[in-house]
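Asker: Model the structure of this input:
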Amino acid sequence: GVAVGRAKLVVFALSAAFAGLAGGIYAYYVGYISPGSFPVLLSIEYVVMAVVGGLGTIWGALFGATAIVLLIQLLDNVGTMEGMPTYAPSVLSYAVYSVLLIAAVLYLPGGLVPAVRARLGSRSAAGAGKSI
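Answerer: Purely as a prediction, here's the structure:
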């Protein structure tokens, strides 16, 4: 067997090292860090990107990030229309993120990319069994 406790510790330490390295590079590049540099909405965006695209696939991360960035642009355009309050973009973002996260967890627990792969795989398997 595998020593699960040790493997978890190694993975946690490695992820902390990468996060520390990224933070150090960011601090060097920007020159100033404050708590306002990392808003809560940004953390929520990253979680939604990962869950919607698919947590265990590179294509899922790429698709989730692309879809959420495009959605953010759309929500910003809608939220900054004439007559909308100044806080509309952030309220729209929170609302849409919560709906997306709940829908993804309930209906696509593996994410969108693994669900599409499974759907395409079942179609090709069903099509391969047919004779002409």
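Asker: Can you pull up the most central residue in this protein?
Answerer: Among the residues of the chain, the one closest to the centroid is M49, at 1.5 Å (Cα atoms, centre = their mean).
Asker: What are the buried residues along the helix or strand hosting that one?
Answerer: Using DSSP states H and E, the element containing M49 is helix 40-53. Across helix 40-53, burial judged by 16 or more other Cβ atoms under 10 Å covers 45, 48-53. No exception for glycine: its C-beta is placed from N, CA and C like everyone else's.
Asker: tell me the mean pLDDT for it?
Answerer: Across helix 40-53, the average pLDDT comes to 87.
Asker: chain center to the lengthiest helix in the chain: distance?
Answerer: As assigned by DSSP state H, the longest helix anywhere in the chain is helix 4-30. The chain centroid and the centroid of helix 4-30 are separated by 19 Å under Cα atoms, centre = their mean, to the nearest Å.
Asker: and that helix, what does it pack onto?
Answerer: If you count contacts as 3 or more Cβ pairs under 8 Å, 6 or more residues apart in numbering; DSSP states H and E, helix 4-30 packs onto no helix or strand.
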